[in-house]
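In: kindly generate the corresponding structure for this input.
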Amino acid sequence: MKKILLICLTLFLMIPAYAQKSKGNDAEKLMDRISKRYKEFKSIKADFVYTIENKQQKSQEKQVGHILIKGNKFTLDIANQLIICDNKTIWTYSREVNEVQVSDYSPKEGAIRLDDIFTMYGRGFMYKIIDNKKEANKELVFLELTPKDKKKKYFKLKVTVDKTNQTVLSTQVFEKNGTIHTYNVTNQVPNLKFEDKKFVFDPKKYPGVEVIDLR
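Out: Numbering: from 1, shown residues only. Next up is the predicted model:
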């Protein structure tokens, strides 16, 4: 469950960017500008609504989540779980059973690092703008991203950005099994000051918690 949450949240927050200079179409140029803006942030706090839907199974579930990021550290609160990482250790706390699992943080084990969220999309995606719309004072741009690696579990992503404020508003991940993950950002605030202790699990705050050390 922890890996699923981290990967999904990474996909939701990742901002398209590319390492090499590209001749670039309009979609790439737009996402490059947005990427540069996000990469200048020292920290970010985001609130979002996560929806998982499978039309074939006629199922839908919504969850509210919150994430704090400071450099390579993060705190993710979603689905009755609290996941905290100081870039060395990762704590996964379950409120249902008042239990925390402690593990070494090994981002190299996976294809996606949560602390790389602002630079991952450009490594292997094709972009195109599929629609534009004006809504209130916002100029919305709808983009479609297709992974070049056809072995990915997902075959398409749709990203909605506010061109005026250069922010990402929502991301949809379309999996080959018919599941759609949707992340709607309800609030995001950059450059807040977070103490480092925010990214370390404190058992004193959870009386009676069972600590399972897997290191």
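In: all helices for the protein, in order.
Out: For the chain, applying DSSP state H gives helices covering 2-13, 26-39.
In: and the ones you listed, which one's lowest on average pLDDT?
Out: Confidence, taken as mean pLDDT, is least for helix 2-13 of the helices of the chain (a mean of 49).
In: state the distance from residue 148 to residue 106.
Out: Separation of residue 148 from residue 106 (CB to CB, to the nearest Å) stands at 26 Å. All C-beta spots, glycine's among them, are computed from the backbone N, C-alpha and C.
In: same deal with residue 73?
Out: For residue 73, the distance to residue 106 equals 15 Å [CB to CB].
In: who has more neighbours out of these two?
Out: Using other CB atoms under 10 Å, the more surrounded residue of residue 73 and residue 106 is residue 73, with 21 against 8.
In: what residues are up against that one?
Out: Shown in contact with residue 73 (CB atoms under 8 Å, 6 or more residues apart in numbering): 85, 86, 87, 115, 196, 199.
In: hmm, try it at 10 Å
Out: If you count contacts by CB atoms under 10 Å, 6 or more residues apart in numbering, residue 73 has them with 43, 84-88, 105, 114-115, 194, 196, 198-200.
In: of these, closest to residue 142?
Out: residue 114 (25.5 Å; CB to CB).
In: hmm, residue 148 is touching residue 155, no?
Out: No - counting by CB atoms under 10 Å, residue 148 does not reach residue 155; the two are 11.4 Å apart.
In: more crowded one of the two?
Out: Neighbours were counted for residue 148 and for residue 155 using other CB under 10 Å; residue 155 has more, 12 against 9.
In: my guess is the more buried one meets residue 126, correct?
Out: No - applying CB under 10 Å as the test, residue 155 and residue 126 come out as separate, 11.9 Å apart.
In: who touches both of these two?
Out: Counting by CB under 10 Å, 6+ apart, the residues touching both residue 155 and residue 126 are 146, 147.
In: in this protein, which helix or strand is least confident?
Out: Least confident helix or strand, the chain: helix 2-13 with a mean of 49, by mean pLDDT, DSSP states H and E.
In: which of the contacts of residue 73 sits closest to residue 170?
Out: In terms of CB to CB, no member of the contacts of residue 73 lies closer to residue 170 than residue 114, at 19.0 Å.
In: pLDDT score assigned to that closest one?
Out: On the pLDDT scale, residue 114 gets 41.
In: same question, residue 149
Out: With respect to pLDDT, residue 149 scores 84.
In: likewise for the one 10 residues further on?
Out: Predicted confidence (pLDDT) for residue 159: 87.
In: that one: neighbour count?
Out: Neighbour number of residue 159 under other CB under 10 Å is 26.
In: ok, it touching residue 146?
Out: No - with contacts defined as CB under 10 Å, residue 159 does not count as touching residue 146, sitting 11.8 Å away.
In: between these two, which contacts overlap?
Out: Overlap of the contact sets of residue 159 and residue 146 (by CB under 10 Å, 6+ apart) consists of residue 127.
In: contacting residues around the residue of the chain most remote from its centre?
Out: Within the chain, residue 208 marks the point farthest from the mean C-alpha position, 31.2 Å out by CA atoms, centre = their mean. Counting by CB under 10 Å, 6+ apart, residue 208 touches residue 98.
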